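Asks: Mind folding the following:
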Amino acid sequence: MKQGIHPDYHTITIVMSDGTKYETRSTWGKEGDVLTLDVDPKTHPAWVGGINLRKTGQLEKFENKFKHFATAATTKKTGDTAAAEPKAEPKKKKAGEA
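Replies: Next up, the predicted model:
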C-alpha cells in the first residue's frame, strides 16, 4: 500500500435525528467528531411512506399541464350548435344531366 495517498480513516460519532447515537469509522471530519444528521432513514419520507411518490411522476405532470385542453374540447362540443349540425350533402346528378 502506498503511503500518503489514502484519506485518514478514523472513528466518529453519528447522531440520528431522533437522538440515537452510534460510533462508526469514516473519512469525514477528524477523530472523535460528531456528525449530526437532519434527515436519516428513520425520518425521511421516502423510507417511511410520508409522501406519495406517484404524485411526482411524469404522467401526473403531463395531466396537470394539459388538463385544460380536455375541458375546453368538451365545452366546445356542448356549447357550439353549429359544430354539432351535420353538413348538407351535395345533390347527386341523375344520369343524363350536365
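
Asks: Quick check: closest non-adjacent residue to residue 16.
Replies: Nearest residue to residue 16 in three dimensions, chain neighbours excluded: residue 40, at 5.0 Å (Cβ to Cβ, 6 or more residues apart in numbering). All C-beta atoms are positioned from the backbone trio N, CA, C, and that covers glycine.

Asks: How many neighbouring residues does the one you found have?
Replies: 14 (other Cβ atoms under 10 Å).

Asks: Tell me the spacing between it and residue 17.
Replies: Going from residue 40 to residue 17 by Cβ to Cβ, to the nearest Å gives 5 Å.

Asks: where along this structure do the strands fall?
Replies: For the chain, strands defined by DSSP state E occupy the ranges 10-15, 21-26, 34-36.

Asks: For the protein, which residues score under the pLDDT cut-off?
Replies: 47-56, 72-98 (pLDDT under 70).

Asks: Which stretches in this protein count as helices?
Replies: 45-48, 58-79, 81-84 (DSSP state H).

Asks: so which of the strands of the chain is the most packed in?
Replies: strand 10-15 (a mean of 14; mean count of other Cβ atoms under 10 Å).

Asks: partners of that one in the sheet?
Replies: Here strand 10-15 has these sheet partners by DSSP bridges: strand 21-26 (antiparallel), strand 34-36 (parallel).

Asks: Rebuild those as a markdown table, extending it with distance to residue 5.
Replies: Output for the strands paired with strand 10-15, formatted as a markdown table (distance: least, Cβ to Cβ, whole Å):
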| stretch | distance to residue 5 |
| --- | --- |
| strand 21-26 | 18 |
| strand 34-36 | 24 |
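
Asks: Any idea which of those gets closest to residue 46?
Replies: strand 34-36 (20.2 Å; Cβ to Cβ).

Asks: Show me the contact partners of the closest one.
Replies: 12, 13, 14, 15, 26, 28, 29 (Cβ atoms under 8 Å, 6 or more residues apart in numbering).

Asks: can you check stretch 11-19 too?
Replies: With Cβ under 8 Å, 6+ apart, stretch 11-19 has contacts from 21-26, 28-29, 31-40, 42-43.

Asks: Straight-line length of that stretch, end to end?
Replies: 19 Å (Cα to Cα, to the nearest Å).

Asks: Sweet, I'm off.
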